[in-house]
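Undergrad: build me a model:
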Amino acid sequence: MSAFFAGARPGRQVVVGGTTYELPILYFRDDMFAAFHTADLRAVRAALPSDRLHPLRLPGGRALAAVVAFNYVETTIGPYGEVGVVVPAVHGRPPPVGLLPGLMESRYPGFGNVVLHLPVTTRVARDGGRGQWGYTKFLADMRFEITPEHQQCELGEGGGHILTLRVPRRGLVRRDAKPLVTYSVKDGRLLRTSIPQRGTCRDAVRPSGSFLRLGSHPVADSIRALGLSERPFLTRHYLERAAILPEGEVVEEGVRALDGFHGGEQEGELTVAYLGAP
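TA: From the prediction side, this is the model:
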């Protein structure tokens, strides 16, 4: 992986919220897993900050939404947890019906993931994410459970349960060298951030044993309003992964606000349990 990070340092010093860090942020090692659900197309469209962002559409008039969990073990801003609620979409011309994210990434340069919620466990991650990219970050508690059979994250804030995500550790193995692209809003501007990554992942179609359970927190209510399918149609987890988070670029001016939930100022609690490992 060392060649992957070549040229990333020295970077640019940035001060946000009294904390100094260096851009780009480097992610050397993490546990990452995700579940992709179908969602109500109207609800998803209403959640997007621009009419030029077009959600992916499936046959039957459904859209896509995903919940992605990251246990960042080693980074240049320290270890922390993060959970993303994202909508795969294309900025620009509407995509045809039925193309899944893997095809969109290569054929549509405007493809990316609109970040609706992005709770994290540390203040430096929250302040840096909101200040630099406008990411919808807030402080939360996370408990990760990593076993040979599954990966799980329980997310909560202020004593309330937001969600529990479980993804089985099986599926087709493949290398992934495509960037992870996000869309966020900062000061009325739509930012597109292309995050180079390298890793090996496993994709499983409609796997048994995967679930997303939503709590009674306001963030859970907003996720529930997207009309997610009861079961995911695709799950993904990484056997190993590294990434580089650079600055974003402005792709549209005067978009709607996407500020998300703010929460409190108490640092989140991160618990990671590796169970049954050799």
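
Undergrad: not counting residues beside it along the chain, what's closest to Asp127?
TA: Here the nearest residue to Asp127 in space, its sequence neighbours aside, is Gly17; by C-beta to C-beta, 6 or more residues apart in numbering that works out to 3.5 Å. Glycine gets a C-beta too; all of them are placed from N, C-alpha and C.

Undergrad: quick one, what contacts the one you found?
TA: With C-beta atoms under 8 Å, 6 or more residues apart in numbering as the criterion, the residues that contact Gly17 are Arg123, Val124, Asp127, Gly128, Gly131.

Undergrad: what count of nearby residues applies to the last one?
TA: Right, the one you point to is Gly131. Residues within reach of Gly131, counting by other C-beta atoms under 10 Å, total 16.

Undergrad: quick one: it is in a helix?
TA: Yes. According to DSSP: H, G, I helix; E, B strand; the rest coil, Gly131 belongs to a helix.

Undergrad: quick one: contacts for it?
TA: Counting by C-beta under 8 Å, 6+ apart, Gly131 touches Val16, Gly17.

Undergrad: output the contacting helices and strands for the host helix or strand of Tyr183.
TA: Secondary structure here is read from DSSP states H and E; on that basis Tyr183 sits in strand 180-186. Where contact means 3 or more C-beta pairs under 8 Å, 6 or more residues apart in numbering; DSSP states H and E, strand 180-186 is packed against strand 80-91, strand 111-117, strand 189-195.

Undergrad: which residues touch Ala35?
TA: Contact analysis of Ala35 by C-beta under 8 Å, 6+ apart lists Ala66, Val67, Leu165, Val167, Ser210, Leu212, Pro232, Leu234, Thr235.

Undergrad: so which of these comes closest to His117?
TA: When the contacts of Ala35 are compared for distance to His117, the smallest value, 9.1 Å, is given by Val67; criterion: C-beta to C-beta.

Undergrad: got the contact list for the closest one?
TA: Ala34, Ala35, His37, Val83, Gly84, Val85, Leu163, Leu165, Leu212, Ile223.

Undergrad: worst-scoring helix or strand of this structure, pLDDT-wise?
TA: helix 101-107 (a mean of 58; mean pLDDT, DSSP states H and E).
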